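Asks: no sequence for this one, just the structure:
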């Protein structure tokens, strides 16, 4: 097996992280950084012999992944979320590669809601760089939606997917909408203007884009719920940004 370390961020992930860790149990090193779980996440992590658990307060997804990378002892980093599963076929394709330190490797993602593979609303096709050489690539410092920075390196597109179980129910949509909209406002405060009208326009366009342009109407009730979620998230992102900018101007 190649010298690959798996890196996972976790927070109150006990509903999904066991399946994630099962999928990487054959990797020699799995680094899990927990950002304050109150459920059974840490106990589950400790039950896997190939894992090392670290605990740190959350400071943004990009910063947390770069911090977690400092604990990695391998030459290569495979970055996963605590609700993502590395399929057996994906692991086989990964291990069949002649890994090149001049390259980074991306995977197609299959995103699920209500146990259904979602092919609409902008959820498919979906691809992310998740395997990269330590020290030659790193993560952006974005609070949310961080990305791999790999200037001078070439992207290799693998074909076997990673399965993503981000939303198990409506409460997951609400939790992520609250968290991600707040992080967006924090990240963009002072950087761009916003207003209630701008929030409404972004929300309306997000629904139109997801439900019509990205064919969410083909996805039945799941397509409608996801399009509405995308609309509400966009609305609250810009409404919170307006509030953050307004509050800052009063200081």
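Replies: Nice, I can see it. These numbers were taken from a predicted model, which means no experiment stands behind them. Residues are numbered from 1 along each chain as shown.
Asks: when you work out contacts or count neighbours from here on, use the C-alpha atoms and nothing else.
Replies: Will do.
Asks: low-scoring pLDDT stretches of this structure, where are they?
Replies: 1-2, 248-251 (pLDDT under 70).
Asks: show me where it has strands.
Replies: Along the chain, counting by DSSP state E, strands occupy 4-10, 29-34, 51-55, 76-81, 84-86, 103-113, 116-117, 127-133, 138-139, 148-149, 154-157, 162-167.
Asks: could you say what helices and strands the fourth one packs with?
Replies: This means strand 76-81. Using 3 or more C-alpha pairs under 8 Å, 6 or more residues apart in numbering; DSSP states H and E as the contact test, the elements touching strand 76-81 are strand 4-10, strand 127-133.
Asks: strands paired with that strand, and their directions?
Replies: Strand 76-81 pairs in its sheet with strand 4-10 (parallel), strand 127-133 (antiparallel), by DSSP bridges.
Asks: tell me which of those strands sits most buried.
Replies: Each of those was scored by mean neighbour count; the highest is strand 4-10, a mean of 24, by mean count of other C-alpha atoms under 10 Å.
Asks: got the domain boundaries for this protein?
Replies: As assigned by automatic domain parsing, the chain contains the domains 4-166, 169-249.
Asks: give me the distance from the longest one to the chain's centre.
Replies: Centroid displacement of domain 4-166 relative to its chain, using C-alpha atoms, centre = their mean, to the nearest Å, is 8 Å.
Asks: what about that domain, how long is it end to end?
Replies: Domain 4-166 stretches 24 Å from its first residue to its last (C-alpha to C-alpha, to the nearest Å).
Asks: can you count the residues close to residue 140?
Replies: 17 (other C-alpha atoms under 10 Å).
Asks: now for it: which residues touch it?
Replies: 62-63, 146-149 (C-alpha atoms under 8 Å, 6 or more residues apart in numbering).
Asks: okay, the helices and strands packed on strand 76-81 in CSV with distance to residue 230 next?
Replies: Converted to CSV, those look like this (distance: least, C-alpha to C-alpha, whole Å):
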stretch, distance to residue 230
strand 4-10, 23
strand 127-133, 19
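Asks: so which of these comes closest to residue 175?
Replies: Distance to residue 175, taken as C-alpha to C-alpha, is lowest for strand 4-10 among the helices and strands packed on strand 76-81, at 14.8 Å.
Asks: report the angle between that closest one and strand 51-55.
Replies: Computed with axes from the mean of the first three to the mean of the last three C-alpha atoms, to 10 degrees, the direction of strand 4-10 lies at 40 degrees from that of strand 51-55.
Asks: and the angle from strand 4-10 to strand 29-34?
Replies: Using the same axes, to 10 degrees, the inter-axis angle of strand 4-10 relative to strand 29-34 is 20 degrees.
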